[in-house]
Every structure is written in C-alpha cells, then in structure tokens.
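[1] Fold the following and give me the result.
(one chain, ligands or ions: 1)
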Amino acid sequence: MWGDRYAVLASGSGSNLQALIESKIPKPTIVIGDLECGALERARKVKIPAELVPFEGDRTAFTATILDLARSHGVGTLVLAGFMRILGPAASKSLPNRIVNIHPSLLPAFPGRDAVRQALAAGVKITGVTVHFVDEFVDHGPIIAQQAVPVFVDDSVESLHARIQKEEHQLYPRVVKALLEGRLVVKDRRVTWT
Ligand code: GRF
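    Take a look at the predicted model:
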C-alpha cells in the first residue's frame, strides 16, 4: 500500500544506514542529513541521493523542508537513524505511524541524548535497543521492537554502545521491512506484527 520508497534521516556515522543498505530490503530512496556526516558519504558511495538540509534555528521550516523533499522523491516513510534533530509536530501529523526511530536503550528508560551514558550511570544490568514510531514527543511513540543487551561491570560508553549497535544493525532492517510491507498494526500504544 505504501510501496517500498523510504528516506533515511541521519546525523552521524551511518552504521545503521549501512546495515539497511546491506540487508535484503529495498535501498533507501534518499538519505537526508542535517550536517555533513558519515551517513551522507555512505549514501553517495552507493549512488543513493544524499541531501543536506541544515537546521537554521526554525524547526517548523526545517520540518517542512524535509517533508517536501521526501514528497518530491515519492517517499511516504521516514527512517530516523542517528538523527540528532527533533522534527516538528507536522511530521507525525502528515505521516502518522510512518516515521520510525531507533534509540539505544530500553525505552521508556533513558530517553534523550546520552542514553548509553545514562544507563551506565544508573548501574543497570540490562539495557538495549528500542525501535518506535515517532509521535509529537521525544522518544515516546508506540514501541515496535526491543532487544535487551547485558551491561558488564567493566563496560565503557564505547564498549556498551558497540554491543548495542550490533543488535541495532540486526533489528532495524527487520522493522523497516515489516513497515514497508504494511505488517505493523498500531492500536492505542500497542504494535502488533501481522
Ligand atoms: C545509534 O546508536 C542510534 O540508536 C542512535 O544514534 C546512533 C546512530 O548510530 N539514535 P549510526 O550513525 O547509525 O552509526
């Protein structure tokens, strides 16, 4: 129903983008970055259109530019992969349950920035990965999938994040595939895989 065209939004190294590119699911139609970053480079390397949309202080205008760009590429699904900007409410309003995000903790624990550092500081024994729909609040929309990851006593932010990212790279392509195939059904805050 939605087709398999999607945009990846990223600000960082783009390892999740790479996992999507190397998986068996369709390649992203376009990659959008708010700054020059590894993700845009990875896209260019495999000839996926890579667009830079700098954030210039106006979230409404920034969000509208991204939505217009996605629309002009025939894209109705946004996949946030290490995207460090918050989209305005127009995004989830115009694409309800068509925007997903990946977060390096078991939400609702440790939302926001530095989720890995927060988990270490709290001394939890288990943290993980959450993939969720994006709504108008930060790291808040209905949860699609979670994977637990153990925390070891000698972990650093780097070692724990690396363990989490290994799981992210497995999980995100599976979720995006199900989303593109229209197999994720949301009722209230509960997501069912059909
Ligand atoms: C991931 O850990 C993701 O959970 C978080 O930002 C990181 C992005 O990593 N939102 P990468 O750019 O995909 O390597």
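
[2] Around the ligand, pick out the residues from the protein.
    10, 12-16, 39, 81-82, 102-104, 165, 168 (Cβ under 6 Å from any ligand atom). C-betas here are computed from N, CA, C, even on glycine.

[3] So what's the residue count around residue 143?
    By other Cβ atoms under 10 Å, the residues close to residue 143 number 17.

[4] Let me see the contact set for it.
    Going by Cβ atoms under 8 Å, 6 or more residues apart in numbering, residue 143 touches 107, 130, 131, 132, 189, 191.

[5] pLDDT score assigned to the residue of the chain found nearest the ligand?
    Residue nearest to the ligand within the chain: residue 82 (2.6 Å; Cβ to the nearest ligand atom). Per-residue pLDDT puts residue 82 at 98.

[6] likewise the one 5 residues further on?
    On pLDDT, residue 87 comes in at 97.

[7] Which strand or helix spans it?
    Following DSSP states H and E, one finds residue 87 outside all helices and strands.

[8] Quick one: list the elements packing against the longest helix along the chain.
    For the chain, the helix with the greatest residue count under DSSP state H is helix 157-180. Packed against helix 157-180 by the contact rule (3 or more Cβ pairs under 8 Å, 6 or more residues apart in numbering; DSSP states H and E) you find helix 15-22, strand 99-103, helix 115-122, strand 126-133, strand 143-150.

[9] ok and that helix relative to strand 143-150, angle-wise?
    Helix 157-180 runs at 150 degrees relative to strand 143-150, counting by axes from the mean of the first three to the mean of the last three Cα atoms, to 10 degrees.

[10] List the contacts of helix 157-180.
    So helix 157-180 is in contact with 2-4, 6, 15-16, 18-20, 23-26, 77, 79, 81, 98, 100, 102, 104, 116-117, 119-120, 127-129, 131, 144-145, 147, 149-152, 155, 184, 193, going by Cβ under 8 Å, 6+ apart.
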